[in-house]
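Undergrad: Let's see this in three dimensions:
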Amino acid sequence: MESEVIAALIATPAVLVTAAAAWLAGRAQSRGAYHGPVDATRRTVQREAYADLYRSARQFINAWEKAELAVERAPSNHQGPMPQDVLQELREMYDALDALEHAVDMVRLEGPDSLAQIADRIWESTTQLGGYRLTPTVRAGALFRRNITSPELNARRNNAMGQFVDAHQELLPAARRYLNGGPTQ
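TA: As a prediction, the model looks like this:
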């Protein structure tokens, strides 16, 4: 055999390995070129969902406190209708509750599971405070009753508020850890 043929046979495995490595590198690079922008967009959407949940929860609790004060100031006759200012505060609280429901759903959708669980805990305590949906447009008040000085009602309200505050305070550190690549626990 001639020396050129022997040299070609010796070089063939190296050429094949180099070609395979180049093909794999090109494939990985093209996958990264596709997934990079998708991952960046997804991360942005997640960040906005977590921020919206935090903000909506804060807005709900402010509206809830205003509604609670309005109910406390309302005349305590059990037969008469609620005054208009009380009804307005309750409507604002229910609007905040609807916005919070949307924010919770977005975090549930975006995940991860650890943050979805925090969102679920926020929602569970919120519905104990703010009511549940009877129809798509009507909510029933959960803890707004005319007898707001009941020890049982105060205990339920305090328990729900404690759960809400705990989950709300846990949200930002968990979201920050997730978005910055740390363990979400």
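
Undergrad: who's in contact with stretch 42-59?
TA: Contact partners of stretch 42-59, identified using C-beta atoms under 8 Å, 6 or more residues apart in numbering, comprise 96, 99-100, 102-104, 106-107, 109-111, 115, 119, 122, 126, 164, 168, 171-172, 175, 178-179. To be clear about C-beta, it is placed using only N, CA and C from the backbone, and glycine gets the same treatment.

Undergrad: can you pull the buried residues of that stretch?
TA: For stretch 42-59, a neighbour-count test (16 or more other C-beta atoms under 10 Å) marks Gln46, Ala49, Tyr50, Asp52, Leu53, Tyr54, Ser56, Ala57, Gln59 as buried.

Undergrad: Break down this structure into its helices, ranges please.
TA: Using DSSP state H, the helices of the chain run over 3-73, 84-110, 113-130, 151-179.

Undergrad: Tell me how far the first one lies from the chain's centre.
TA: By that I understand helix 3-73. The chain centroid and the centroid of helix 3-73 are separated by 19 Å, computed with C-alpha atoms, centre = their mean, to the nearest Å.

Undergrad: I'd like to check the angle between it and helix 84-110, please.
TA: With axes from the mean of the first three to the mean of the last three C-alpha atoms, to 10 degrees defining the directions, helix 3-73 sits at 160 degrees from helix 84-110.

Undergrad: quick thing: my sequence starts at 804, can you match it?
TA: Taking 804 as the first residue, the last one we looked at is helix 806-876.

Undergrad: what is the mean pLDDT for helix 806-876?
TA: Average pLDDT, helix 806-876: 79.

Undergrad: related to what we said a few turns ago, PyMOL command to pick out the buried ones of the contacts of stretch 845-862?
TA: To isolate the buried subset of those in PyMOL, counting by 16+ other C-beta under 10 Å, use the following:
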select buried, resi 899+902+903+906+907+909+910+913+918+922+925+929+967+971+974+978+981
